[in-house]
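> Return a 3D structure for these sequence lines:
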Amino acid sequence: MEILARSGGVQLTDRIELAEYRDERDDLSKPLEFRVAGGRYQPGADQLAIAPGDRVTLRRDHSNEHDKAASLVLVRNEHKLGFVPRQYSRMVASLLDANVPLEAVLVRKLILPAETGRWVVRLWRAPS
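This is a model prediction of the structure:
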């Protein structure tokens, strides 16, 4: 299970992914790592000059028709990298809506499956 979790739990033929469970009332005092969702639908996301360690920001996407709690993952506050995955969207949205300070950083780019090029983000509650 640890090997699957470290690899992102994804293979070319997989239709499921491993993800850490978090209650939607979680306050993110313990960092969460997640795979950015929907990046392949963001024009130019695969061309961004980014690297592990770069900071990203989260912003609510109130116009999202598919998920009313959607939050964007942004590079340099403007370039869309993708979205917070649906299993965490309500938790993150409630924190953003409450103006809880959050910090996020790119951890690594997944190399499998090769065609996705998805990023892993570490997100946590910023010290007050």
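> Assign a three-state SS to residue 91, would you?
helix (DSSP: H, G, I helix; E, B strand; the rest coil).
> Disregarding residues adjacent in the polypeptide, which is nearest to it?
Of all residues not flanking residue 91 in the chain, residue 24 sits nearest, at 4.5 Å (CB to CB, 6 or more residues apart in numbering). From N, CA and C alone the C-beta is placed, and that goes for glycine too.
> can I assume the one you found is in contact with residue 93?
No. With contact defined as CB atoms under 8 Å, residue 24 does not count as touching residue 93 (9.1 Å).
> quick one, which of the two is more surrounded?
residue 93 (21 against 13; other CB atoms under 10 Å).
> burial count for residue 68?
Close neighbours of residue 68, defined as other CB under 10 Å, add up to 12.
> in which helix or strand would I find it?
Assessed by DSSP states H and E, residue 68 sits outside every helix and strand.
> For the nearest residue to residue 101 once chain neighbours are set aside, give me the backbone phi and psi.
Distances taken as CB to CB, 6+ apart place residue 126 nearest to residue 101, at 3.8 Å, with adjacent residues excluded. When read as degrees, to the nearest 10, the backbone of residue 126 gives phi -70, psi 140.
> just checking, residue 65 is part of a helix?
No. Using three-state DSSP, the assignment for residue 65 is coil, not a helix.
> And for it, the neighbour number?
Neighbours around residue 65, by other CB under 10 Å: 7.
> what's the answer for residue 77, then?
Residue 77 has 9 nearby residues by other CB under 10 Å.
> just residue 18 next, same as before
Counted with other CB under 10 Å, residue 18 comes out at 14.
> where along this structure do the helices fall?
2-7, 86-97 (DSSP state H).
> ok, of those, where does mean pLDDT dip lowest?
Within the helices of the chain, confidence is poorest for helix 2-7, with a mean of 58 (mean pLDDT).
> where in the chain is pLDDT low?
1-17, 45, 112-117 (pLDDT under 70).
> picking up where we left off before, check contacts around the residue nearest to residue 91.
Counting by CB atoms under 8 Å, 6 or more residues apart in numbering, residue 24 makes contact with 90-91, 94.
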